[in-house]
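[1] Below: sequence and its predicted model.
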Amino acid sequence: MKILHAKQLKEADEYTIKRQQLSSWQLMERAATQLFEWLHNRLQQSPVTIHLFCGTGNNGGDGLALARLLLEQQYPVKVYVVNFSEQRSTDFLINYNKLKELNHWPELLKADDALPELPPQDIIVDAIFGQGLNRPAEDWVAAIIQHINASKAFTLAVDVPSGMYLDQVPKEQDAVVQANHTLSFQVAKLPFFLPQTGIFTDTWELLDIGLDAQYLQEVTTDMHLIGAMEVLQFYKPRKRFSHKNTYGHVLVIGGSYGKMGAPMLSAEAAMNAGAGLVTAYIPKCGYQIFQTALPEVMVLTSRHEEYISEIEFDLKPTVVAFGPGANTKEVTIRAFRAFLESNTLTLVVDADGLNILAQHQGLLSLLPAKTILTPHPGELKRLIGAWEDDFDKLAKAKAFAAQYDLVLVLKDAYTITVCEGQLYVNTTGNPGMATAGSGDTLTGIIAGLVAQQYDPLQAALFGVYLHGKAGDLSVEKNSYQALTATEIIDFIGDAYLSLFEG
Ligand SMILES: NC(=O)C1=CN([C@@H]2O[C@H](COP(=O)(O)OP(=O)(O)OC[C@H]3O[C@@H](n4cnc5c(N)ncnc54)[C@H](OP(=O)(O)O)[C@@H]3O)[C@@H](O)[C@H]2O)[C@@H](O)CC1
Ligand SMILES: [K+]
């Protein structure tokens, strides 16, 4: 699914109005009807007071239209117009008049006015600002937002929580509505997925308002939402006449004394993701551990007992995953450099592999095209330097990925993969996955997919999706707290199966 920029959302509006021969008011009425039905389905006429805070643009217009539909069904409503501008939008005015025709006069709120009481059992609808926000709210408007936030009433935001921008982080966090739920129109908005701005709504969902299908199909964007539908487009079914070599050979290079679990998790995850063969290249001390715990995995050892001292092997893997449980000792760095100087295989680099690249940035130019790096925020900062905010982080990540022709997987609550100027936002995963070894399993899954001939970008997108889905299915039976990396591996199979369920 596409994520669109504010300018494109406006265009979608205009195309819809033109192609479907609607008035803009009719489109707003559609939006308001969807909002009404959402509320009405849940409230079923129960007499809960609904406080609607409406701005003077089209977001406010949505709020006023919703108020009218609620009034027509005898819901007790209180409507406030946050009167921040004399320039009211046409559709705001039409809906304002329609409300007055029902003998309902909204209360105008201006600077210094007393603010309404908002009891905890009531519902607040936030329709102050939508996509049109283009500067910080004045202090008295921010005070209204703070008043809403101080209330314990359930707060439902229309389109976006007021004060949230589509393309920047608000300077003042407390001038943004903290919504319990957001009903957003048709298209997902990037700030819902970023740590600094995703916090403004607990949950959100999209309401289909029938925006022009042709426009939505044809518009090109650099932001994409990745769910089951998207990964199924490049899913490769297993062939009947095939053998283990058909599905490639993963070589996991990593491990050190005390950190042998990391490459084990990667190796096992690669196996469960479907690789035909997996070999681990580890220091000597891990030999027995591996051979005992993972009978499917072959083992090669480096000469040193406790860490990787050289990378020399006599086999032809399809893909190499470097880094899990490795260390950043000089000798390991030298071994990695020598390996990179002659390597042409697709690479996945994680953990200490990333730390080595961050400390020795000259190595970055030795990475083959479309090397997959999977940094968490700390590793990313070491690689690309500090950023001002989440939008700046994405801009810097894009530039870094372009400079070295990388597939850059930014691990976070919503993992975002960056490649060739495009952002791919993953939709699976949960906070239980913030646990030791989770990243090692992701590395293994991605390598296992590259082995099966997914191209590096597809492998990254599919791998991140499967990893998150495995975590989601695991917590259904377990809990966020008890989720471990080993369980993520155990649920990879269920994650695959879930692709074909309903
Ligand atoms: N296709 C869709 O998605 C559909 C969208 N619809 C709805 O329309 C909403 C967008 O409406 P909108 O463009 O009128 O903007 P909105 O957010 O109401 O702001 C109003 C005006 O406020 C101003 N302003 C900005 N910042 C300010 C500030 N800090 N303090 C004071 N003023 C400020 C600025 O005007 P300016 O002063 O810059 O001239 C701005 O234009 C959208 O979110 C959705 O709810 C649906 O109805 C139908 C389908
Ligand atoms: K809003």
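    That came through, no problem. Numbering: from 1, shown residues only. Ligands and ions are numbered 1, 2, ... in the order given.
[2] Please make it C-alpha for all contacts and neighbour counts, starting now.
    Noted.
[3] which stretches of the stretch 101-250 of the chain form strands?
    Secondary structure of the stretch 101-250 of the chain (DSSP state E, counting those that start in this stretch): strands at 107-109, 123-127, 154-158, 179-185, 201-207, 223-226, 249-253.
[4] just the ones you listed: most buried one?
    Among the strands of the stretch 101-250 of the chain, strand 249-253 has the highest mean neighbour count (mean count of other CA atoms under 10 Å), at a mean of 29.
[5] and that strand, what does it pack onto?
    If contacts are counted by 3 or more CA pairs under 8 Å, 6 or more residues apart in numbering; DSSP states H and E, strand 249-253 sits against helix 261-273, strand 277-282, strand 319-322, helix 438-451.
[6] Just put those in CSV and tack on mean pLDDT.
    Conversion of the helices and strands packed on strand 249-253 to CSV gives the following (pLDDT from 0 to 100):
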stretch, mean pLDDT
helix 261-273, 98
strand 277-282, 98
strand 319-322, 98
helix 438-451, 98
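[7] so Tyr424, which of the three states?
    Put simply, Tyr424 is strand when judged by DSSP: H, G, I helix; E, B strand; the rest coil.
[8] That one contacts Met223, doesn't it?
    Yes: judged on CA atoms under 8 Å, Tyr424 makes contact with Met223 at a distance of 6.0 Å.
[9] Low-confidence ranges, the chain, go.
    Within the chain, the stretches falling below the threshold (pLDDT under 70) are 502.
[10] So which bits of it are right by ligand 1?
    Proximity of the chain to ligand 1 is assessed by CA under 6 Å from any ligand atom, with 9-10, 12-13, 27-28, 31, 56-60, 62, 84, 129-137, 159, 185 identified as the residues in range.
[11] re earlier: now render the helices and strands packed on strand 249-253 as TSV, adding distance to Glu296 and mean neighbour count.
    Conversion of those to TSV gives the following (distance: least, CA to CA, whole Å; neighbours: other CA atoms under 10 Å):
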stretch	distance to Glu296	mean neighbour count
helix 261-273	8	28
strand 277-282	8	26
strand 319-322	17	27
helix 438-451	14	30
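[12] which of the residues of the chain next to ligand 1 are buried?
    Among these, those classed as buried by neighbour count (16 or more other CA atoms under 10 Å) are 9, 12-13, 27-28, 31, 56-60, 62, 84, 129-131, 133, 136-137, 159, 185.
[13] when you check ligand 2, which of these turn up near it?
    129-130 (CA under 5 Å from the ion).
[14] Of the buried ones among the residues of the chain next to ligand 1, which belong to helices?
    With helices defined by DSSP state H, the entries of these inside them are 9, 12-13, 27-28, 31, 58-60, 62.
[15] Could you list which residues are in contact with Gln73?
    Shown here is Gln73, whose contacts under the criterion CA atoms under 8 Å, 6 or more residues apart in numbering are Gln45.
[16] Next one: it from ligand 1, what distance?
    Using CA to the nearest ligand atom, to the nearest Å, Gln73 is found at 21 Å from ligand 1.
[17] Quick check on that residue: phi, psi?
    Main-chain dihedrals, Gln73, degrees, to the nearest 10: phi -100, psi 20.
[18] Which parts of the helix ranked longest in the chain count as buried, going by neighbours?
    Selection of the longest helix in the chain by residue count, based on DSSP H, yields helix 456-477. Judged by neighbour count using 16+ other CA under 10 Å, the buried positions of helix 456-477 are 456-475.
[19] how near is the closest residue to Gly353 other than its chain neighbours to Phe290?
    If the residues on either side of it in the chain are set aside, Gly353 comes closest to Gly323, at 4.2 Å by CA to CA, 6 or more residues apart in numbering. Relative to Phe290, Gly323 is positioned 17 Å away (CA to CA, to the nearest Å).
[20] Asn426: neighbour count?
    Using other CA atoms under 10 Å, Asn426 has 24 neighbouring residues.
[21] list the contacts for it?
    Each residue near Asn426 by CA under 8 Å, 6+ apart is listed here: 225-227, 414-417, 461, 464-465.
[22] can you give me phi and psi for Leu52?
    Leu52 has phi and psi values of phi -110, psi 120 when expressed as degrees, to the nearest 10.
[23] That one against Gly63, yeah?
    Yes: with contact taken as CA under 8 Å, Leu52 and Gly63 are classed as touching, separated by 6.5 Å.
[24] ok, those two, which is more surrounded?
    Neighbour count, other CA under 10 Å: between Leu52 and Gly63, Gly63 has more, with 33 against 26.
[25] Report the contact partners of that one.
    Going by CA under 8 Å, 6+ apart, the list of residues near Gly63 reads 32, 52-54, 125-127, 158.
[26] same thing but at 7 Å, please
    Applying CA atoms under 7 Å, 6 or more residues apart in numbering, one finds that Gly63 lies in contact with 52, 54, 127.
[27] for Thr371, same thing?
    346-348, 406-407.
[28] Now Ala482: closest residue in space that isn't a chain neighbour?
    Using CA to CA, 6+ apart and skipping the chain neighbours, the partner closest in space to Ala482 is Gly432 (7.6 Å).
[29] repeat for Cys285
    Here the nearest residue to Cys285 in space, its sequence neighbours aside, is Glu305; by CA to CA, 6+ apart that works out to 5.2 Å.
[30] one step back: so between Gly323 and Phe290, which is more surrounded?
    Summary of the neighbour comparison: Gly323 and Phe290, criterion other CA under 10 Å, with Gly323 having more neighbours (27 against 21).
[31] quick one: that one and Asn355 touch, right?
    No: with contact taken as CA atoms under 7 Å, Gly323 and Asn355 are classed as non-touching, separated by 8.9 Å.
[32] quick check: angle from the longest helix of the chain to helix 438-451?
    130 degrees (axes from the mean of the first three to the mean of the last three CA atoms, to 10 degrees).
[33] and helix 456-477, what other elements does it pack with?
    Applying 3 or more CA pairs under 7 Å, 6 or more residues apart in numbering; DSSP states H and E, we find helix 456-477 packed against helix 438-451, helix 485-490, helix 492-498.
[34] Quick check: the residue nearest in space to the middle of the chain vs Leu194, distance?
    Geometric centre of the chain, nearest residue: Tyr414, 2.8 Å, by CA atoms, centre = their mean. Applying CA to CA, the value for Tyr414 to Leu194 is 7 Å.
[35] Distance to Val319 added to the ones in helices among the buried ones among the residues of the chain next to ligand 1, as TSV?
    As requested, those are arranged in TSV below (distance: CA to CA, whole Å):
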residue	distance to Val319
Leu9	41
Ala12	43
Asp13	46
Leu27	51
Met28	52
Ala31	49
Asn58	52
Asn59	51
Gly60	54
Asp62	53
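[36] And the residues you listed, which is closest to Pro295?
    Distance to Pro295 across those (CA to CA) is lowest for Leu9, with 53.6 Å.
[37] what about the closest one, distance to ligand 2?
    In this structure, Leu9 and ligand 2 are 15 Å apart, going by CA to the ion, to the nearest Å.
[38] which residues does Lys2 bridge with?
    Beta bridges link Lys2 to His224, judged by DSSP bridges.
[39] burial count for it?
    19.
[40] Correct me if wrong: it contacts Leu225.
    Yes: shown here, Lys2 and Leu225 form a contact pair, counting by CA under 7 Å, at 6.0 Å.
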